[in-house]
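Undergrad: Whatever this is, show me its structure:
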Amino acid sequence: MKSLLSLLLIFITTFSLWAQEFEREFGDVLLGDLKMVTSEKYPDASAVVLFDRGESVFVKSDESHLRKQYSGFYNRETVDTRYAKVSMDYVIRFTRTRRILILDEEGEDYKKIKIPLFRNDFIQEHLISIEATTYSNKEDVLLSWDMDDKEFKEKQIDQQQIERTYTCPRAKAGRIVEYRYVIESPFMERLPDWSFQDRVPTIYSEYQVSMIPFYEYVFLAQGLDKFDVERTEKQDIDRSWGNATEVFGKNIEEGGQFQDIKYTYGMRDIPAFEDEAYITSINDYRVKMDFQLARENFPHGGSRQIMTTWPELSKEMLADPKFGKYLKNAQKLAKKKYDFVKLFSGTDALTRAEKVIYRVRKDFSWNGEFEKRSTMSAKDFMEKRKGNSAELNLFLLACLKEAGVKAKPVLISTRNHGRFKTEYPFEHLFNNVIIHVDTEDPFLADATSRQLAFDLIPSQCLNDKGFVVNPEEVSWIPLDADTIAHTIHDITIRPDVATSSAQVSASISSLDYAAFHKKQLYENDTAKIKQEICSSLTEVNRIKTSNYDRIDRPYSIGFEGKLALRKDQETFELDPFIGLAMTENLLQQKYRDYPVDLVYAKANDYRVRVEVPQGYEVATLPETYSIDNSLASISLSAVQEGSVVEITGSYSFKKAVYESKEYAKLRAYMNKVVEHFNRPLVLVPAQN
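TA: Residues are numbered from 1 along each chain as shown. Reported below is the predicted structural model:
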């Protein structure tokens, strides 16, 4: 962690000549740019980022496009005017310029420009301008097409963020797309972060930030040891605040002068972030910089510390009207809604907690939004009977307290939101709240899903650790599943050589997180089940599910259909696991520098019964294989009694998260599963 206002940086002057070729101003595209980068240099790339440049500067509010947002803002009771004035005097203007060469059809995804914009109840970020052009080479003549900036799509990401999407015209393989957009933001605490790495190679990436003395930031650089370009420059232009006039070298009236300090960070020849299998979020591992506002310095003296401590963060959350005060109001309303003595009586706290959790889940529903604060009053939530995760879980916490169960809120970051480091007490690193229930056997609770046991939290929440909101003690709760998600497959196959097909009947039964995953994925929709599970069958005659709404019993999917036999003269082949076992190892890289995150430990059992048709026999039974250690277990065996072949197999990955040093072994075990569970069963004419 480094302070941007006190750090002395050294400019590394060793530039790549190749990077310099492309690092030019917006619109300065040459015909040679379309020829210099070839698929031979990047044989596996669908596109190449020629350069990507970001720039953040602080501009006066009255000189920005956001000035109308501030009219009357000081009069709001919610704004502390002691601290607001300096924040209201400036906004952040962020400019991004990007040039990309598309190499194949897959790379055409880069014709889309996705721009996130943040908002709160009072103010919001604005897209000030956007320009985009597509360039092509036709018989050594540079052609170009400009984008219409009035054509875009907009979607809501969550209650605080929208995303605008623009499309570069006529973009396809062999062409360059270039765009530049400008955003103005009133959120000083959200100085734009910067990612140097993309899913395709990047020749040069640079971020410039011009700091002013009223704000101090800290930054965390991830995935790198040093920058290729790193320099600090004091700008020559004098800027002023207030009504400052210089007389004989001194400022009179109310105001002062200052100069920007520009920091530049650059990297060249950044490889693509390729291996994305079994990770929480790409943002947890790719090369990037994150910024956090640490202190505000007031022009008239004094400052406000923004970067807090964990105990202070707990106090702030409990004093927050949308967190701690919401919780207090929810407790009062919970007393009126439920007869806690009658409904939630129990001899022990665990029994009472179980009853409360199931009742709240039954009476209220989730709107699909993860939040760490409420967006409505507790009274409105009670009336609507639907809300975000914070509204639901803080109400659940209120009910648990009223039932005499010890419990505390836990701030977490969901899997797609990324991990955080405990060294940095930054509130924005969290996006959700769950509950730690302190019974004799403590557990984590959540009210957003009705498809999990009372002592399980959704798999989206299984992400490293959570922060217990408790001003008296700093503590962390591991967010991992201590059970193995089990799935059992029963398969019966009756081959018919006359039709080169086989009748198949199968059932899949899942428990705990395995059941939760299938319920979320398929939503009990037979069309989705047919597409995903029965894809290896040529015909599906029947699909039936059971226990979709039950959490105390396995979720079961049963189906019947036809499987094609592969024929070679009088020999027939079939897949005894009908595509339900692991068919591909997603761990393709030889090495990996970050963990393999399976979300939770997994186990799959298979019982296969093949009825060998009359006049045929099995050429060779599946090879017996067995391995069992602390990382994984694999077993496969087969026996034949009369005309029936019974195959028993299982494989289990015993850890939710494997460290990078365990990667090679895990990859080898997955290769063994693919190898042994995808060998065909061969039927040949019987030898009389």
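Undergrad: CA-only coordinates of stretch 661-671 in PDB, if you can.
TA: Below are the C-alpha coordinates for stretch 661-671, written out as PDB (Å, rounded to 0.1, in the frame of the first residue of the first chain):
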ATOM      1  CA  LYS A 661       1.100 -26.000  -5.300                       C
ATOM      2  CA  GLU A 662      -1.600 -28.800  -5.500                       C
ATOM      3  CA  TYR A 663      -2.600 -27.800  -9.100                       C
ATOM      4  CA  ALA A 664      -0.400 -30.400 -10.900                       C
ATOM      5  CA  LYS A 665      -1.800 -33.300  -8.800                       C
ATOM      6  CA  LEU A 666      -5.400 -32.100  -9.100                       C
ATOM      7  CA  ARG A 667      -5.000 -31.700 -12.900                       C
ATOM      8  CA  ALA A 668      -3.600 -35.300 -13.100                       C
ATOM      9  CA  TYR A 669      -6.500 -36.700 -11.100                       C
ATOM     10  CA  MET A 670      -9.100 -35.000 -13.300                       C
ATOM     11  CA  ASN A 671      -7.300 -36.400 -16.400                       C
END
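Undergrad: Enumerate the positions of that stretch that are buried.
TA: 662-663, 666-667, 669-670 (16 or more other Cβ atoms under 10 Å). C-beta: built from backbone N, CA, C; applies to glycine.
Undergrad: List of residues touching that stretch?
TA: With Cβ atoms under 8 Å, 6 or more residues apart in numbering as the test, stretch 661-671 has contacts from 582, 585-587, 591-592, 596, 627, 631-632, 634, 651, 653, 655, 658.
Undergrad: Then stretch 486-498?
TA: Stretch 486-498 is contacted by residues 501-512, 514, 554, 563, 565, 572, 574, 576-578, 580, 602-613, 615-616, 683 when judged by Cβ under 8 Å, 6+ apart.
Undergrad: now swap in stretch 430-445 and tell me
TA: Under the criterion Cβ under 8 Å, 6+ apart, residues 323, 348-350, 353, 357, 370-372, 389-390, 393-394, 396-397, 400, 405-414, 417, 420, 446, 454-457, 461, 466-469, 477, 479 lie in contact with stretch 430-445.
Undergrad: the helices in this protein, which residues?
TA: In the chain, helices defined by DSSP state H lie at 17-22, 33-36, 81-89, 310-319, 324-337, 340-343, 349-363, 378-384, 389-402, 512-522, 526-532, 663-676, listed in chain order.
Undergrad: Under the pLDDT cut-off, which ranges of the stretch 551-688 of the chain? List them.
TA: 688 (pLDDT under 70).
Undergrad: Do me a favour and average the pLDDT over stretch 287-304.
TA: Taken as a whole, stretch 287-304 has an average pLDDT of 86.
Undergrad: meant to ask about stretch 89-102, not that
TA: Averaged across stretch 89-102, the pLDDT comes to 94.
Undergrad: Surely Lys362 is in contact with Arg450?
TA: Yes - using Cβ atoms under 8 Å, Lys362 is in contact with Arg450, at 7.3 Å.
Undergrad: any common contacting residues for the two?
TA: Overlap between the contact sets of Lys362 and Arg450, as judged by Cβ under 8 Å, 6+ apart, is nil.
Undergrad: who's more crowded, the two?
TA: Relative neighbour count places Arg450 above the other of Lys362 and Arg450, with 13 against 10, counting by other Cβ atoms under 10 Å.
Undergrad: Hmm, that one is touching Arg361, no?
TA: Yes - contact between Arg450 and Arg361 holds when scored by Cβ under 8 Å: they sit 4.9 Å apart.
Undergrad: Mutual contacts of the two, please.
TA: Contact with both Arg450 and Arg361 is made by no residue, according to Cβ under 8 Å, 6+ apart.
Undergrad: Give me the nearest residue to the residue nearest the centre of the chain, chain neighbours excluded.
TA: For the chain, the residue nearest the mean C-alpha position is Asn416 (1.7 Å; Cα atoms, centre = their mean). The shortest distance from Asn416 to any residue other than its chain neighbours is 5.6 Å, reached at Ser281 (Cβ to Cβ, 6 or more residues apart in numbering).
Undergrad: Show me the shaky parts of the stretch 351-500 of the chain.
TA: For the stretch 351-500 of the chain (pLDDT under 70), the answer is none.
Undergrad: my guess is Ser389 meets Gly368, correct?
TA: No - when contacts are counted by Cβ under 8 Å, Ser389 is not listed as touching Gly368 (9.1 Å).
Undergrad: Neighbour count: the two, which is higher?
TA: The neighbour comparison of Ser389 against Gly368 (other Cβ under 10 Å) goes to Ser389, with 27 against 10.
Undergrad: Please name the residues that touch that one.
TA: Residues in contact with Ser389, defined by Cβ under 8 Å, 6+ apart, are 366, 369-371, 432-434, 446, 448.
Undergrad: same thing with Gln460?
TA: If you count contacts by Cβ under 8 Å, 6+ apart, then Gln460 has 370, 414-416 around it.
Undergrad: Show the buried residues in these.
TA: Under a neighbour-count criterion of 16+ other Cβ under 10 Å, the subset of the contacts of Gln460 counted as buried comprises 370, 414-415.
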